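Chemist: Need coordinates for the following:
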Amino acid sequence: MIQRIQTVYLFISALLIASLMKLTFAELSVNNELYTFVAKGIFNGEELIFNGMAIFVFIPVIALLHFITIFLYKKRILQIRIMVFSIVLLLGLFGLFFYFSYAGFDGAKIAFKIPVAFPLVAVILDYLAIRAIGKDEALIRSLNRIR
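Modeler: The predicted structure follows:
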């Protein structure tokens, strides 16, 4: 049943996470130099200062898990398990944002952008999707008892 509400939650969550590949997470100011923090790392103009390969790999994996989960609608328990794993990955991604922001430089002034909140919004949407999938599973099990 692709037309269920959990599909909308998962799709919006996947789009939010996939959009992180192109957006700027933060701007760091250290010693009057401006650095930008994107998915590939921290850059000073075109020069790579701090490699962000972990984030660059995490984001597509999480987005792919969301898109795969949308099409596993017949296997609701597997959907719930994958979404719980995805929530753990999203919280890890959120932690990586702060690790890369603060570990790279001492005394940096950091201006976080709105995309840093996308993993938290995706966690909330994933939780809502898990609840909706659980309701579907409970409904199916109750219908099997009636027979």
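Chemist: quick one: low-confidence parts of this protein?
Modeler: Regions of the chain meeting the criterion pLDDT under 70 cover residues 1-2, 145-147.
Chemist: just the helices in it please.
Modeler: Listed in chain order, the helices found in the chain under DSSP state H are 5-19, 53-70, 76-103, 118-146.
Chemist: closest to F37 out of those?
Modeler: helix 76-103 (6.3 Å; C-beta to C-beta). The way it works is simple: take the backbone N, C-alpha and C, and place the C-beta from them, glycine included.
Chemist: Show me what that closest one is packed against.
Modeler: Where contact means 3 or more C-beta pairs under 8 Å, 6 or more residues apart in numbering; DSSP states H and E, helix 76-103 is packed against helix 5-19, strand 26-30, helix 53-70, strand 109-112, helix 118-146.
Chemist: could you dump those to TSV with distance to S101 and mean neighbour count?
Modeler: Shown next, in TSV, are those (distance: least, C-beta to C-beta, whole Å; neighbours: other C-beta atoms under 10 Å):
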stretch	distance to S101	mean neighbour count
helix 5-19	19	20
strand 26-30	6	18
helix 53-70	11	18
strand 109-112	5	14
helix 118-146	14	16
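Chemist: Would you convert those into CSV that also reports distance to F100?
Modeler: What follows is the helices and strands packed on helix 76-103, written out as CSV (distance: least, C-beta to C-beta, whole Å):
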stretch, distance to F100
helix 5-19, 17
strand 26-30, 9
helix 53-70, 7
strand 109-112, 10
helix 118-146, 13
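Chemist: export the helices of the chain to TSV and tack on distance to E33?
Modeler: Formatted as TSV, these follow (distance: least, C-beta to C-beta, whole Å):
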stretch	distance to E33
helix 5-19	27
helix 53-70	22
helix 76-103	15
helix 118-146	27
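Chemist: Please identify which of the helices and strands packed on helix 76-103 is closest to F43.
Modeler: strand 26-30 (10.1 Å).
Chemist: Extract the CA atoms of the closest one and return them as CSV.
Modeler: Once non-C-alpha atoms are left out, strand 26-30 reads as follows in CSV (Å, rounded to 0.1, in the frame of the first residue of the first chain):
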residue,chain,number,x,y,z
ALA,A,26,27.7,25.9,8.6
GLU,A,27,30.1,28.8,8.2
LEU,A,28,33.1,28.9,10.5
SER,A,29,35.2,32.0,11.2
VAL,A,30,38.7,31.4,12.5
